[in-house]
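Student: Predicted coordinates and the sequence they were generated for:
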2 protein chains.
Amino acid sequence: MPPAARTPLTRDRVLRAAVRLADKHGLEALSMRHLAATLKVEAMSLYHHVASKDELLDGMVDLVIGEIELPSATGDWRRAIRGRATSAHTVMLRHPWAPLLLVSRINVGSNMMRYIDATLGCLRNAGFTWLQADRGWHAIDSHIYGFTLHMLSSPIKPEEYPSAAAQYLPMLPAKTYPNMYALTKLVAEGKHDGKEDFAFGLELILSGLAQLRKKR
Amino acid sequence: MPPAARTPLTRDRVLRAAVRLADKHGLEALSMRHLAATLKVEAMSLYHHVASKDELLDGMVDLVIGEIELPSATGDWRRAIRGRATSAHTVMLRHPWAPLLLVSRINVGSNMMRYIDATLGCLRNAGFTWLQADRGWHAIDSHIYGFTLHMLSSPIKPEEYPSAAAQYLPMLPAKTYPNMYALTKLVAEGKHDGKEDFAFGLELILSGLAQLRKKR
DNA sequence: GGTATAGGACTTACGCTGTAAGGGAAACGA
DNA sequence: TCGTTTCCCTTACAGCGTAAGTCCTATACC
């Protein structure tokens, strides 16, 4: 009796398994041996489908980028860019390991290229110059990645901010850090939720861009 | 004859050597064995001064944060915040490994605390609400880290953009990525330097904040 | 001065990592 | 039928962080 026929390994199956593993157990759990085990295969077999671990990571990132909703080239540019940014933010929260890889390596996968091209096109159609579109795109993406990374690095969940603030308040030297103390106190008392607000910074950038367009 | 008396190892000396090593050869070259070697000592000896490699990294980050110029609490808030942001950006370029550590771990070193406290104080003195100061600070730092990371991840130096653009242009499928093609062409022709502009996004955020203050 | 104590550096060893090198069986094309 | 190719395998290596234990030396005290 032959062993149960297994679906053959493909590059795509490897990449998807890697994303699943990183989603569930974090990037640090993503070793070639671990990944191979989830596919019921030995580590070295993976190298028939990806050249190296770095290439694996590149593929994972591009897969995730592909989940982001592209901005439509026509219609309200502000709405389109906002939608794209929000979608990117949401996707990153679904794959918390992704933003770190995104900012720490060059990514030139086809999904990434399409993503940038669509954004540039949207801003150009809105009437921005190439210079403005280029810099605008950078500013928006800096916010997306910077903000999301900052948010993900905190071990405390937003729901727990008030209780955490109450817990840490007594340890915070009020003399040395008067402003942090005051702010933490407000959070502990429930007068400020302390939640990070992705939209806040995004809207600052969007209205800044809108003003540029008027002045042109 | 006794061996040449060596200056004794201290936590501070270890941290500074680590920063120097990372500056010169990158984070990936910073192993405990390597670091120990630069101090003419064995790897395990370092553990008398730092509890773990993670703690070492925390210490390095806080050392770097200490190099950032604090915003003055009085005077023009916009100028103060701009100065702080620019200083942070400059410091990160001096220590290119730092922003990655900054966004991928919680940092509660004393320099970091002082840095946040001063920023909050500056914005409060400028007349912002606690909510605005909190979110404003987040928006600005998201830009600083997001932008700097993005910039550092590119292997091509700004001076080389035109020649690199000219080199890659023929390989870029104009049909699939029309906007990237057009933009790359402009760079290749010297009509757009393609340089990232840290100040561009920063000013968008600053003027957005300024408008908030007016409306209050 | 002699002795106890503590601290700092050492050696050894373990389990983990990515991956280079090559073997062996099964499937496929001529 | 016989290569040839395709996949997956085993083995091995150098490097990693660090737990555990040893040893030397500089200081503190009687």
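Tutor: That came through fine.
Student: and stretch A:43-61, does that touch DNA strand C?
Tutor: Yes. Using Cβ under 7 Å from any atom of the strand, stretch A:43-61 reaches DNA strand C at A:A43, A:M44, A:Y47, A:S52, A:K53, A:D54. The way it works is simple: take the backbone N, C-alpha and C, and place the C-beta from them, glycine included.
Student: Run the angle between the worst-scoring helix or strand of chain A on mean pLDDT and helix B:198-215 for me.
Tutor: When the helices and strands of chain A are scored by mean pLDDT, DSSP states H and E, helix A:198-215 comes last with a mean of 91. With axes from the mean of the first three to the mean of the last three Cα atoms, to 10 degrees applied, the angle from helix A:198-215 to helix B:198-215 works out at 100 degrees.
Student: Pull up the gap between A:H34 and chain B, please.
Tutor: 20 Å (Cβ to the nearest Cβ, to the nearest Å).
Student: Now do the same contact list for the nearest residue to that residue once chain neighbours are set aside.
Tutor: Excluding the flanking residues, the one nearest A:H34 by Cβ to Cβ, 6 or more residues apart in numbering or on different chains is A:L21, at 6.7 Å. Going by Cβ atoms under 8 Å, 6 or more residues apart in numbering or on different chains, A:L21 touches A:A29, A:L30, A:H34, A:L35, A:T38.
Student: How about the first one, nearest residue that isn't a chain neighbour?
Tutor: Translated: A:A29. A:A29 sits nearest to A:L21 (Cβ to Cβ, 6+ apart), 6.6 Å away.
Student: show me what contacts the closest residue to A:K195 other than its chain neighbours?
Tutor: The shortest distance from A:K195 to any non-neighbouring residue, by Cβ to Cβ, 6+ apart, is to A:P158 (4.9 Å). A:P158 makes contacts with A:D193, A:G194, A:K195, A:E196, as judged by Cβ under 8 Å, 6+ apart.
Student: So the third one: helix, strand or coil?
Tutor: Each residue gets one of three states, and A:K195 gets coil by DSSP: H, G, I helix; E, B strand; the rest coil.
Student: Phi first, then psi, for it.
Tutor: phi -70, psi 140 (degrees, to the nearest 10).
Student: got it, and the second one?
Tutor: For A:G194, the backbone dihedrals are phi 70, psi 0 (criterion: degrees, to the nearest 10).
Student: Please tell me how far the residue sitting nearest the centre point of chain A sits from A:K24.
Tutor: With distances taken as Cα atoms, centre = their mean, chain A has A:M92 as the residue nearest its mean C-alpha position (3.2 Å). Applying Cβ to Cβ, to the nearest Å, the value for A:M92 to A:K24 is 16 Å.
Student: domains of chain A?
Tutor: Domain ranges of chain A: A:1-51, A:158-188, per automatic domain parsing.
Student: lowest-confidence stretch among those?
Tutor: When the domains of chain A are compared on mean pLDDT, domain A:1-51 scores lowest, with a mean of 85.
Student: name the helices or strands packed onto the least confident helix or strand of chain A?
Tutor: helix A:77-94, helix A:130-153, helix B:130-152, helix B:198-215 (3 or more Cβ pairs under 8 Å, 6 or more residues apart in numbering or on different chains; DSSP states H and E).
Student: Next to DNA strand C, which bits of chain A? Give me the list.
Tutor: Residues of chain A lying near DNA strand C (Cβ under 7 Å from any atom of the strand): A:P2, A:L30, A:S31, A:M32, A:R33, A:H34, A:A43, A:M44, A:Y47, A:S52, A:K53, A:D54.
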